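Student: Quick one: sequence and predicted model below, then my questions.
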Amino acid sequence: MDIIHYRIRIVPIIITLIVSKFCIAQFQNQFQAQTFQQQRFGPNQFVQAPFQRPQQFQQLNNIDSRQSPQQSGVPCPEKNGRFVVPSQCDAYIECVDGIGEQKLCPEGLFFNPEARFNYPCGYPIDINCDGRPNLQPPQPTDDCPHQYGYFKIGDEANCGQFINCADGVGHLFNCPEGLAFNSETYRCDWPDQVPDCNVEAFLKFTCPNPAEGDNQYQLFYSESRFFRNPNDCQQYFICINGHPRLQNCGEGNAFNELINACDSAENVTGCSQPSVISPEPLIDPSPAFRQISQRNRFRQF
């Protein structure tokens, strides 16, 4: 009888634990889903994965209410939903109870037919516009070439800055040290992977060519080679396929050419004190941007 009473008492406890575990799992799934939607761009920032875009989709979620329909009474493929305009990439048809209205995305953004229940407009690199070549006219401002988007600042020798434009206001960002902004991916990437960046001019270093007849040097030329930065002993370059990539040993360390690796600064000749990296001035690629800088039009991050 004692065993029976014990089992009767413990069964409700077990059921309570199972229900609690299920509820916690459901909560975690909902929290992760919300986090993914709010933070679409992960925190991959440095060497292994390029620096990604700052979060702007939360701002975009508030734009739709300001968009007025461009055309009413258009046919609806289905009773409810958003649908492409066959000839235009930044326009879409919104149908509610069979009543269709043609709308425009904020200038600089394109309609994403895969958005479903999310905000329907996104950045150009995320959306396939095949068969929808037309766009609304640009709406440039003093800060930005378009109302929304990410745009490189500087020429091929100054590749490390970009602006994020939101509602025509430019926000200035700096890529992490040694990385360049890639307009094709909206990321900060190795400068040798950025088509419009002159990596040697940007990093102010050229990888030495292998000497003629040096078979061993020729053998490893296509692989990684290491060189101390002549201007900063805390830094060094990895030469890959003849192009440099900047690395930093970190505070209190320096690149030791004797062991071809980072070492304590006190062990490196002429580098007993860690170097101090001076911030470079902002780049003024044109007189227009120089005027913007003087008026403090950009918010710098």
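Tutor: Thanks, I have the structure now. Numbers count the residues shown, from 1 in each chain.
Student: Residue 254 in helix, strand or coil?
Tutor: Assigned with DSSP: H, G, I helix; E, B strand; the rest coil, residue 254 falls in the strand class.
Student: count of neighbours near it?
Tutor: Counted by other Cβ atoms under 10 Å, the residues lying close to residue 254 total 28. For the C-beta atoms, the positions are set from N, CA and C on the backbone; glycine is no exception.
Student: and it, how far is that from residue 207?
Tutor: In this view, residue 254 and residue 207 are 20 Å apart by Cβ to Cβ, to the nearest Å.
Student: How about residue 127?
Tutor: 38 Å.
Student: Likewise for residue 263?
Tutor: 22 Å.
Student: Kindly report the same for residue 161.
Tutor: 24 Å.
Student: what's the answer for residue 112, then?
Tutor: On the measure of Cβ to Cβ, residue 112 and residue 207 end up 42 Å apart.
Student: One more: residue 109?
Tutor: 40 Å.
Student: Residue 134 too?
Tutor: Distance, residue 134 to residue 207, by Cβ to Cβ: 45 Å.
Student: One more: residue 141?
Tutor: As judged by Cβ to Cβ, residue 141 and residue 207 stand 41 Å apart.
Student: go on, residue 169?
Tutor: From residue 169 to residue 207 the distance is 40 Å (Cβ to Cβ).
Student: Who has more neighbours out of the two?
Tutor: Using other Cβ under 10 Å, the more surrounded residue of residue 169 and residue 207 is residue 207, with 19 against 16.
Student: With residue 234 as the reference, measure out to that one.
Tutor: Taking Cβ to Cβ, one finds residue 207 at 19 Å from residue 234.
Student: same deal with residue 199?
Tutor: 20 Å.
Student: Over to residue 137?
Tutor: 49 Å.
Student: The two - which one has more neighbours?
Tutor: residue 234 (24 against 6).
Student: Next, that one: phi, psi?
Tutor: Taking degrees, to the nearest 10, you get phi -80, psi -20 for the backbone angles of residue 234.
Student: again with residue 245
Tutor: phi -130, psi 130.
Student: Does it touch residue 238 like I think?
Tutor: Yes. Because the distance of 4.7 Å satisfies Cβ atoms under 8 Å, residue 245 is recorded as touching residue 238.
Student: Could you check which of these two has the larger neighbour count?
Tutor: The neighbour comparison of residue 245 against residue 238 (other Cβ under 10 Å) goes to residue 245, with 21 against 16.
Student: how much space is there between that one and residue 126?
Tutor: Distance, residue 245 to residue 126, by Cβ to Cβ: 27 Å.
Student: Same question for residue 168.
Tutor: 21 Å.
Student: Which residue ranges of the stretch 51-200 of the chain form helices?
Tutor: Secondary structure of the stretch 51-200 of the chain (DSSP state H, counting those that start in this stretch): helices at 57-60, 199-203.
Student: low-confidence ranges in the stretch 201-301 of the chain?
Tutor: Scanning the stretch 201-301 of the chain for pLDDT under 70 picks out 210-223, 272-301.
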